[in-house]
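Undergrad: Whatever this is, show me its structure:
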Amino acid sequence: MRSDLRDLFRQTHTAHAGLLIQRGLTKWEDGDKPTKKALVQKISHVQADDLYLLAFKRWLAHSYETSENTHFASISAKVDGRLMTGLPLGGTLETGVTTHHTYGMPMIAGSSVKGAVRSYAEFLFAKRKDGEIEYSIIKDAKGNEIKTYQFDNDKQAILDVLFGSDDDENPNAGYLIWHDAWWIPPVTSDAKLSMGEQNKPFAEEVVTVHHQAYYSGKLDDALDIENPIPNQQLAVQGGFYFVIEGVYAWVQYAKKLLEQTLQQQGVGAKSGAGYGYFVIDEKLTEQHRDTIQKSKDDLLDAELTDEERTINDFVKHLNGLTIAWKGKPNQSCGFNEFYEKIIQWEDKAMLKKAYEILTEQGEIWQGKALSKSKAWKPKLQSLREKFE
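TA: Numbers count the residues shown, from 1 in each chain. This is a model prediction of the structure:
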């Protein structure tokens with residue numbers, strides 16, 4: 001770090017974790033583990049801020065899978081333990097974490113998600129004989145033999161659509177967009193950013209290296225006399241929001257593969273040691289989605305006329321009641337109150353709409369047409385006369 005930045009760095013109360021990973025060491029000498037440990041601890045205390053929360057909600061509102069938003073497929077999942085991704089990005093920390101360029105929060109690059117799912121799909125689709133995978137042997141530029149999977153034509157076509165092809169004659173990137181996975185900021189019951197421990201996406205991790213001399217080529221054999229070397233690293237915890245974009249049928253198919261990949265194969269580095277596995281949990285984004293929907297409803301409500309708002313409030317009121325009230329449209333269900341309001345209207349179009357809502361909901365809640373009720377028959381007649 002440049003000397004003129006050191007005093008400024010010491011005064012910071014919030015931080016961009018990506019910059020800390022790359023430039024956070026004010027001074028570094030090889031083997032200075034306490035300095036490295038202190039930086040790792042500092043990064044592990046970084047929290048998401050309100051700016052990131054707003055950005056995440058904007059992305060969620062745009063990409064969440066709904067009946068109207070069918071070209072997106074989304075998954076919310078929680079890391080089952082710890083995740084390691086972007087290890088080569090550590091700078092002087094030696095090992096790092098992939099972070100969002102603007103907000104500094106951990107993310108899983110779309111290319112990493114795509115690569116992990118492709119690896120899983122290729123394993124599933126590989127040709128087998130008597131349950132054993134049939135490999136083909138090819139040689140690389142140095143003449144080394146490499147095992148590769150073989151696929152039937154129909155399976156190869158699916159892989160090409162999902163992930164693209166590196167065919168020299170017809171290369172393509174595939175027909176789906178595998179978006180970066182965003183870290184999910186935790187919120188309280190009133191939709192404000194949580195400031196507790198769960199809002200700390202980075203975690204200290206110690207990975208102990210055994211037989212370093214053997215793996216570095218200094219010894220021919222892995223001897224037990226070598227001392228294990230603990231190495232301070234950063235890992236990620238919490239939940240992530242995954243998004244795939246494309247044609248509905250294909251993104252739904254890819255979503256199933258992604259779910260299986262997250263749970264059975266893992267994402268990122270060291271999955272063989274238990275890192276990078278996920279548990280699917282849509283509740284992670286439930287509070288965010290409810291807040292977004294409420295904001296949309298409030299905007300729509302602001303544009304309604306008084307008559308339209310009265311009808312909407314009546315329907316919402318009925319939807320919020322329990323099944324126990326059904327069969328009693330005259331008792332505490334709001335039917336009489338609704339009628340007293342609409343009978344005073346003069347707009348024939350709104351009167352007709354309110355009449356249709358009243359008769360439709362009345363049949364649902366009473367179990368028979370309101371017109372068959374002695375109390376309601378004259379009321380409905382009076383209402384009908386006003387718009388006919």
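Undergrad: Do you have the strands of this structure handy? List them.
TA: Using DSSP state E, the strands of the chain run over residues 72-79, 107-108, 128-129, 132-133, 135-139, 145-149, 177-178, 181-183, 202-209, 229-236, 239-245, 278-280.
Undergrad: and Lys296, which of the ones you listed is closest to it?
TA: Distances from Lys296 to each of those were compared using Cβ to Cβ; the minimum, 16.5 Å, belongs to strand 72-79. For glycine as for every other residue, the C-beta is placed from the backbone atoms N, C-alpha and C.
Undergrad: quick revisit: which among the strands of the chain is found nearest to Lys33?
TA: Closest among the strands of the chain, once you apply Cβ to Cβ, is strand 229-236, at 6.8 Å.
Undergrad: Now the residue positioned nearest the centre of the chain. Nearest residue, chain neighbours left out?
TA: Nearest to the mean C-alpha position of the chain, counting by Cα atoms, centre = their mean, stands Tyr241 at 1.2 Å. Take Tyr241 and drop its neighbours on the chain: the residue closest to it by Cβ to Cβ, 6 or more residues apart in numbering is Trp182, 4.8 Å away.
Undergrad: Likewise for Gln150?
TA: Excluding the flanking residues, the one nearest Gln150 by Cβ to Cβ, 6+ apart is Lys127, at 4.4 Å.
Undergrad: wait, isn't the one you found in contact with Ile133?
TA: Yes - with contact defined as Cβ atoms under 8 Å, Lys127 counts as touching Ile133 (7.1 Å).
Undergrad: okay, and the common contacts of these two?
TA: Both Lys127 and Ile133 are in contact with Tyr149, where contact means Cβ atoms under 8 Å, 6 or more residues apart in numbering.
Undergrad: what's the nearest residue to Thr148 if we skip its chain neighbours?
TA: Spatially, and ignoring its direct neighbours in sequence, Thr148 is nearest to Ser136 (5.3 Å; Cβ to Cβ, 6+ apart).
Undergrad: Tell me how many other residues crowd the one you found.
TA: Applying the criterion other Cβ atoms under 10 Å, we find 10 residues in the vicinity of Ser136.
Undergrad: how near is it to Gln237?
TA: 40 Å (Cβ to Cβ, to the nearest Å).
Undergrad: circling back: ok, the residue nearest to Gln150 - contacts?
TA: Neighbouring residues of Lys127 by Cβ under 8 Å, 6+ apart: Ile133, Glu134, Tyr149, Gln150, Phe151, Asp152.
Undergrad: Give me the buried subset of those.
TA: Using 16 or more other Cβ atoms under 10 Å as the burial test, the contacts of Lys127 include Tyr149, Phe151 as buried.
Undergrad: which one of the contacts of Lys127 is nearest Ile21?
TA: Tyr149 (35.5 Å).
Undergrad: what's the nearest residue to the closest one once chain neighbours are set aside sitting at in phi/psi?
TA: Here the nearest residue to Tyr149 in space, its sequence neighbours aside, is Ala126; by Cβ to Cβ, 6+ apart that works out to 4.1 Å. For Ala126, the backbone dihedrals (degrees, to the nearest 10) come out as phi -60, psi 140.
Undergrad: okay, now Ala126: neighbour count?
TA: For Ala126, the tally of surrounding residues (other Cβ under 10 Å) stands at 16.
Undergrad: quick one, helices of the chain?
TA: Taking DSSP state H as the criterion, the chain carries its helices at 3-10, 17-23, 33-44, 50-63, 110-125, 153-163, 212-215, 248-260, 286-302, 306-320, 335-342, 348-366, 377-387.
Undergrad: Output those in a markdown table, with distance to Gly81 appended to each entry.
TA: As requested, those are exported to a markdown table (distance: least, Cβ to Cβ, whole Å):
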| stretch | distance to Gly81 |
| --- | --- |
| helix 3-10 | 32 |
| helix 17-23 | 20 |
| helix 33-44 | 16 |
| helix 50-63 | 23 |
| helix 110-125 | 16 |
| helix 153-163 | 27 |
| helix 212-215 | 24 |
| helix 248-260 | 18 |
| helix 286-302 | 23 |
| helix 306-320 | 40 |
| helix 335-342 | 53 |
| helix 348-366 | 48 |
| helix 377-387 | 62 |
